[in-house]
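Undergrad: Structure, please.
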Amino acid sequence: MIVFFPTYARRSPLGSTWQATVAGMVSRPLPPRSRRRAFTLAVLRRLLDLDAAQFESEVFRRRAEAFLFERIAGQPIRVEIGGRLIDAGRTDRTGHFSATVELDEATVAAAGEVGGWIPYGGWPTQDRLQIEDVLAPPESPAAGGRIQMIAEQGISVISDIDDTVKLTNVANRRELLANTFVREFQAVPGMVELYRRWQDRGLAFHYVSASPWQLADCLRIFLADVGLPAGSMHLKLFRLKDSTPLGRLPSKKRSKRRAIEQIMDAFPGRRFLLVGDSGELDPEIYASVARRRPQQVAGIRIRQVEGRAPRTKVQSRLERLGRRLPDGMLQSFIHVDDLADAV
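TA: This is a model prediction of the structure:
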């Protein structure tokens, strides 16, 4: 089974081609009666304190299934984009793959309209074409993905997900796990409308989050269902054996700054609006990026959330960070209506 992650394409330095990122993960589901599957489900049931109805619920089964697989290392990846067959390397030891491929204008024109999402491959639908995994066995389901074409100039939003656009309550471990595995995802009030206004003004979007890659498909569906703009996705590598099962989903985001700066490196001519929340380290990470790259950061917007610290302490923390940045660069808000127009 192959899952393609939402990615982006940028103009090559000479401007004659597009450099597109193709990324994803290859795995196989755990056998229905395997010990590992049974053990993992039992641990999840105990960890989440699920009753029988919750354990058998469609939401829990769907979310848990995203973690019940074996990664496949060394798998060759070959995809079709606009009728062109492309070798995208092999999966690494975690089952992930990522490759940058050059697309000429003819391939881009065949794949889709520049300025929006282009499909890879062979199953056209009303709103997109698909990436096709041409090495998949005939009996396996078709795998597809999308690439966002982004111009050299403009403004992009780099957005967190949990407690920024999706209600998660990361500060409360039990609530975090329940909102991840038992409940349907819910959007933060007002954020869909805000992001759509920004999208209408031509902004591109990148979602950089500590959520695990296993939830990439669930999160992609959530973004589409609630009406949030599509964008590239940059999540966290997470393996059950790395920690107590799912007990460390909220991470210290050590790699988050690196992911943000990689996006900025890919688009040196664009400016970036960084949007996050106060629940973890978004303010510190964003302020660090702004100090290192003042010409690329258009602003920082932080949603204040209920957490372990009193709101007055959170406000003091944000004000302290803001004093080390240009006036007005870091703004916090509780309700979207309190947020000044950042564009």
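Undergrad: Past the helix or strand of the chain with the lowest mean pLDDT, which element shows up next along the chain?
TA: Every helix and strand in the chain was compared by mean pLDDT, DSSP states H and E; the lowest is strand 132-133, with a mean of 48. Sequence order places strand 146-149 as the next helix or strand after strand 132-133, per DSSP states H and E.
Undergrad: which helices and strands does that next one pack with?
TA: Contacts defined by 3 or more Cβ pairs under 8 Å, 6 or more residues apart in numbering; DSSP states H and E place strand 146-149 against strand 7-11, strand 18-29, strand 117-119. All C-beta spots, glycine's among them, are computed from the backbone N, C-alpha and C.
Undergrad: Let's see that with 10 Å instead.
TA: Under the contact criterion of 3 or more Cβ pairs under 10 Å, 6 or more residues apart in numbering; DSSP states H and E, strand 146-149 touches strand 7-11, strand 18-29, strand 96-103, helix 105-111, strand 117-119, strand 204-212, strand 232-236.
Undergrad: Least confident of the ones you listed, on average?
TA: For these, mean pLDDT drops lowest on strand 117-119, to a mean of 59.
Undergrad: surely residue 44 meets residue 67?
TA: Yes: the pair residue 44 / residue 67 is scored as a contact, 8.2 Å apart, by Cβ atoms under 10 Å.
Undergrad: When those two are compared, which one has more neighbours?
TA: Legend: neighbour count by other Cβ atoms under 10 Å for residue 44 and residue 67, higher for residue 44 (22 against 19).
Undergrad: Look at the residue lying closest to that one once chain neighbours are set aside and give its secondary structure.
TA: Leaving aside its chain neighbours, residue 44 sits nearest to residue 64 (5.9 Å; criterion: Cβ to Cβ, 6 or more residues apart in numbering). Here residue 64 takes the helix state, with states given by DSSP: H, G, I helix; E, B strand; the rest coil.
Undergrad: before we move on, what about residue 261?
TA: Under three-state DSSP, residue 261 falls in the helix class.
Undergrad: tell me which element the residue nearest to it when sequence neighbours are not counted falls in.
TA: Nearest residue to residue 261, sequence neighbours excluded (Cβ to Cβ, 6+ apart): residue 289, at 6.6 Å. Assigned by DSSP H and E, residue 289 belongs to helix 282-292.
Undergrad: Residue 197 now?
TA: Secondary structure from DSSP H and E places residue 197 in helix 191-200.
Undergrad: Send me that helix as PDB with only the CA atoms.
TA: Output of helix 191-200 as PDB, limited to C-alpha atoms (Å, rounded to 0.1, in the frame of the first residue of the first chain):
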ATOM      1  CA  MET A 191     -10.000  29.600  11.100                       C
ATOM      2  CA  VAL A 192     -11.600  28.100   8.000                       C
ATOM      3  CA  GLU A 193     -13.100  31.500   7.000                       C
ATOM      4  CA  LEU A 194      -9.900  33.300   7.800                       C
ATOM      5  CA  TYR A 195      -7.800  30.900   5.700                       C
ATOM      6  CA  ARG A 196     -10.200  31.000   2.800                       C
ATOM      7  CA  ARG A 197     -10.100  34.800   2.800                       C
ATOM      8  CA  TRP A 198      -6.300  34.600   2.600                       C
ATOM      9  CA  GLN A 199      -6.600  31.900  -0.200                       C
ATOM     10  CA  ASP A 200      -8.900  34.200  -2.200                       C
END
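Undergrad: Next, the buried residues of it.
TA: Neighbour counts using 16 or more other Cβ atoms under 10 Å place 191-192, 194-195, 198-199 of helix 191-200 among the buried residues.
Undergrad: which residues are contacting it?
TA: Contact partners of helix 191-200, identified using Cβ atoms under 10 Å, 6 or more residues apart in numbering, comprise 155-157, 159, 164-167, 187-188, 203-205, 223, 226-231, 273, 275, 301, 303, 333, 336-337, 339, 341-343.
Undergrad: now stretch 308-319
TA: By Cβ under 10 Å, 6+ apart, the residues outside stretch 308-319 that reach it are 171-172, 278-279, 283-284, 287, 300, 302, 304-307, 330-332, 334.
Undergrad: change it to 7 Å
TA: 171, 278, 283, 302, 304, 330, 332 (Cβ atoms under 7 Å, 6 or more residues apart in numbering).
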